[in-house]
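Peer 1: model this:
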Amino acid sequence: MHSFCLELEKLLTSSDFKMATIYHYCSNDPHKKANAAFLMGTYAITYLSRTAEEAYKLFEGEKIVPFRDAARGPCTYKCTLLHCFQALEWALKLGWYDKAKFNVAEYEKYSSVENGDLNWIIPGKMMAFSTPVDVSEGEDSKFTPEFYIPILRKLGVTTIFRVGAKEYDKEVPLLCNT
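Peer 2: Got it, this is the predicted structure:
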């Protein structure tokens, strides 16, 4: 989202494209259409100061499917385009997202699966990451508690609470509070 909006802003403010019409094309695949609408709506909110509702109205008449997480199995909730726009609007109001201060390099590093799949939900306050597993419990042995400890300490994480099943040896604390 951040990189897309930044690139679109560069195009729209470039003297090279002053007289050009810029098109954002996507296929009719409903999921790709939802992603494309999300990107354009986030630009309208972050760069054009539109409200979530105003951004959502830009896509009236389009069939936009709800988003879902990467979990397998049936989806038990509907996260709509409007929900996503409202979340961004609140993140901007609360200072949780600031386009001028967002660290793309850090985000890309830690959000990659190879580096732990970590994402700040509330910057400096709440982080989500993949559940650690024991070395003996599968292919994701890289994501053991020992893998996460130095990363979490470096990022200043002091407390962890688990919302899923514990998939690692309880004798190995992630931090001082598990």
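
Peer 1: from here on, contacts and neighbour counts on C-alpha atoms
Peer 2: Will do.

Peer 1: what segments of the chain are strands?
Peer 2: Using DSSP state E, the strands assigned to the chain run over residues 119-122, 126-128.

Peer 1: any chance of a markdown table for the ones you listed, columns mean neighbour count?
Peer 2: As requested, the strands of the chain are exported to a markdown table (neighbours: other CA atoms under 10 Å):
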| stretch | mean neighbour count |
| --- | --- |
| strand 119-122 | 15 |
| strand 126-128 | 14 |
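
Peer 1: redo the ones you listed as CSV? Include mean pLDDT and distance to Thr42.
Peer 2: What follows is the strands of the chain, written out as CSV (pLDDT from 0 to 100; distance: least, CA to CA, whole Å):
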stretch, mean pLDDT, distance to Thr42
strand 119-122, 84, 17
strand 126-128, 83, 22
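
Peer 1: find the centremost residue of the protein, please.
Peer 2: With distances taken as CA atoms, centre = their mean, Asn119 lies nearest the centre of the chain, 7.1 Å away.

Peer 1: now do the contacts for the closest residue to Gln86 other than its chain neighbours.
Peer 2: Using CA to CA, 6 or more residues apart in numbering and skipping the chain neighbours, the partner closest in space to Gln86 is Ala52 (5.1 Å). When contacts are counted by CA atoms under 8 Å, 6 or more residues apart in numbering, Ala52 is found next to Ile45, Leu82, Phe85, Gln86, Leu88, Glu89.

Peer 1: same thing but 7 Å
Peer 2: Listed by CA atoms under 7 Å, 6 or more residues apart in numbering, the contact partners of Ala52 are Ile45, Leu82, Phe85, Gln86, Glu89.

Peer 1: can you tell me how far the residue nearest to the last one when sequence neighbours are not counted is from Tyr43?
Peer 2: Counting by CA to CA, 6+ apart, the nearest residue to Glu89 once its immediate chain neighbours are dropped is Ala52, at 6.2 Å. Here Ala52 is placed at a distance of 11 Å from Tyr43 (CA to CA, to the nearest Å).

Peer 1: what do you get for Asn119?
Peer 2: Remark: distance between Asn119 and Tyr43 (CA to CA) = 21 Å.

Peer 1: how about Thr131?
Peer 2: Distance, Thr131 to Tyr43, using CA to CA: 33 Å.

Peer 1: please apply the same query to Phe59.
Peer 2: Taking CA to CA, one finds Phe59 at 13 Å from Tyr43.

Peer 1: when these two are compared, which one has more neighbours?
Peer 2: Tyr43 (21 against 16; other CA atoms under 10 Å).

Peer 1: that one contacts Phe4, correct?
Peer 2: No: at 8.2 Å, Tyr43 does not count as touching Phe4 under the criterion of CA atoms under 7 Å.
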